[in-house]
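Enquirer: Predicted coordinates and the sequence they were generated for:
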Amino acid sequence: MVSYILAIIAIAFVFDFINGFHDSANSIATVVGTRVLSPLTAVVWAAFFNFVAAFTVGTAVAKTIGKGMIDISIVTPNVILGGLLGAIVWNLITWWYGLPSSSSHALLGGYAGAAVAKAGSGAIIVAGWTKTIIFIFLSPLIGMTAGFLLMTAIYWTFRRMAPHRVDAIFRKVQLGSAALFSLSHGANDAQKTMGIIVGLLVSSNAAFANEPGWLRHLYLPDGETVPLWVEMGAYSAIALGTLFGGWRIVHTMGSRITKLRPVGGSAAETAGAFAILLATWNGIPVSTTHTITGAIVGVGATNRLSAVRWGIAGRIVWAWIMTIPAAATIAAVCLLLLQRLSGMP
């Protein structure tokens, strides 16, 4: 049993790596699309600030995931593993097709799908899901509104300056905005994996209560504390994933939704970071993908509505709509297979 739990923890970190790989576009697409940084430099820049987030935010999101969304009494190692597999499979499908779907919602959908498959709808803690569901709709709207308003303010402030001078200024500014967005991305997304691991350790704490040596440190009596090794592992995994970059999605985010200049990239990243950090401080697991996509659309719309390629945006929205039910379905099937293969609930 202990070996099985350790293997699931390793798979959780693999998901976190894939999360960084899949969502690297969120952090680097605008700075690559505007050619402020080369792709290689951009992923190193983003990965560094993904990890720096470990020292700048708390663990409110991790606690929400760990004990506030699924009834911990029905959680078993198979439920956790089924949820992770559902999220991983859906992430790889959307990566292959270059669609910036939400890794966050894939994880939440997978976790919920596995839990419901085991214990029915009573496994869901409704209060914990309310804010998350609301922010599925609010996060892209907040990003879009903030991006539109910030871009409008920049246009007004620099209206008398020559465009090439504005570009020169914002090529430097975008280094800071890209760093801020990468930090916000790491802050919210790494905590989701932390929450899953905490849920696993709390639900399996009896297995470690009498273990000798370093295994004793895996004993976690409740979900109020996130162990340091879990934090460092999650932030390290997402940063390493970002280093490898999901280039198919970078292309979609950086140039196919709308054409960006450094000033637009800076506005989109700053607006997206503001919305994500606001949610993170309030313990709300949001989609960084939804938020930055909304911000890019808002920035593009300040030129004219036709500057946004609404066909591409429509495909992205369909991927968003499908993510939670698709990951939940895959996770439910995985749980049933795991139960049959392992003989455990």
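Expert: Alright, I've got the coordinates. Because the structure is predicted, anything quoted here is derived from the model rather than measured.
Enquirer: Counting neighbours, what do you get for residue 187?
Expert: Using other C-beta atoms under 10 Å, residue 187 is surrounded by 26 other residues. From N, CA and C alone the C-beta is placed, and that goes for glycine too.
Enquirer: right, and it touches residue 55 too?
Expert: No: using C-beta atoms under 8 Å, residue 187 is not in contact with residue 55; the gap is 10.2 Å.
Enquirer: Can you pull the phi/psi pair for residue 187?
Expert: With angles defined as degrees, to the nearest 10, residue 187 sits at phi -60, psi -40.
Enquirer: Look at residue 310 and report its pLDDT.
Expert: Confidence at residue 310, expressed as pLDDT, is 52.
Enquirer: quick one, what contacts the residue nearest to the spatial centre of the chain?
Expert: By C-alpha atoms, centre = their mean, the chain has its centre lying nearest to residue 189, at 3.9 Å. Residue 189 makes contact with 16, 19, 20, 23, 103, 104, 238, 288 under the criterion C-beta atoms under 8 Å, 6 or more residues apart in numbering.
Enquirer: In contact with the last one, which residues?
Expert: With contacts defined as C-beta under 8 Å, 6+ apart, residue 288 is in contact with 23, 26, 102, 104, 184, 185, 188, 189, 272, 276.
Enquirer: Among those, which ones are in strands?
Expert: Using DSSP state E, no member of these sits in strands.
Enquirer: of those residues, closest to residue 284?
Expert: Residue 284 lies nearest to residue 188 out of the contacts of residue 288, by C-beta to C-beta, at 8.4 Å.
Enquirer: tell me, how many neighbours does the closest one end up with?
Expert: Residues near residue 188, counting by other C-beta under 10 Å: 24.
Enquirer: Could you do residue 273 as well?
Expert: 26.
Enquirer: That one and residue 222, how far apart?
Expert: Going from residue 273 to residue 222 by C-beta to C-beta, to the nearest Å gives 32 Å.
Enquirer: rewinding a little: roughly how far apart are the residue nearest to the centre of the chain and residue 131?
Expert: Distance from residue 189 to residue 131, by C-beta to C-beta: 17 Å.
Enquirer: if I look at the closest residue to residue 155 other than its chain neighbours, how far off is residue 264?
Expert: Excluding its sequence neighbours, the residue lying closest to residue 155 (C-beta to C-beta, 6 or more residues apart in numbering) is residue 302, at 6.8 Å. Distance of residue 302 to residue 264, computed by C-beta to C-beta: 8 Å.
Enquirer: Now do the shared contacts for these two.
Expert: With C-beta under 8 Å, 6+ apart as the test, residue 302 and residue 264 both reach residue 151.
Enquirer: Looking at these two, which is more packed in?
Expert: residue 264 (28 against 18).
Enquirer: Next, the residue sitting furthest away from the middle of the chain: secondary structure please.
Expert: Distance from the C-alpha centroid of the chain peaks at residue 160, with 38.9 Å (C-alpha atoms, centre = their mean). Secondary structure for residue 160, judged by DSSP: H, G, I helix; E, B strand; the rest coil, is coil.
Enquirer: Give me the pLDDT for it.
Expert: Residue 160 is given a pLDDT of 88.
Enquirer: For it, give me phi and psi.
Expert: When read as degrees, to the nearest 10, the backbone of residue 160 gives phi -90, psi 0.
Enquirer: Tell me the spacing between it and residue 166.
Expert: 10 Å.
Enquirer: Next: residue 77.
Expert: For residue 77, the distance to residue 166 equals 55 Å [C-beta to C-beta].
Enquirer: what do you get for residue 235?
Expert: For residue 235 relative to residue 166 (C-beta to C-beta), the value is 35 Å.
Enquirer: more crowded one of these two?
Expert: Legend: neighbour count by other C-beta under 10 Å for residue 235 and residue 166, higher for residue 235 (25 against 19).
Enquirer: doesn't residue 50 make contact with the more buried one?
Expert: Yes: taking C-beta under 8 Å as the definition, residue 235 is a contact partner of residue 50 at 6.8 Å.
Enquirer: Need the residues touching each of these two.
Expert: What both residue 235 and residue 50 touch, as defined by C-beta under 8 Å, 6+ apart, is the set 186, 190.
Enquirer: Just the pLDDT at residue 330, thanks.
Expert: Looking at residue 330, its pLDDT reads 97.
Enquirer: So which residues make contact with stretch 56-66?
Expert: Against stretch 56-66 from outside (C-beta under 8 Å, 6+ apart): 72, 108, 111, 128, 183, 187-188, 191-192, 194-196, 198-199, 202, 223-224, 226, 231, 277, 280-285.
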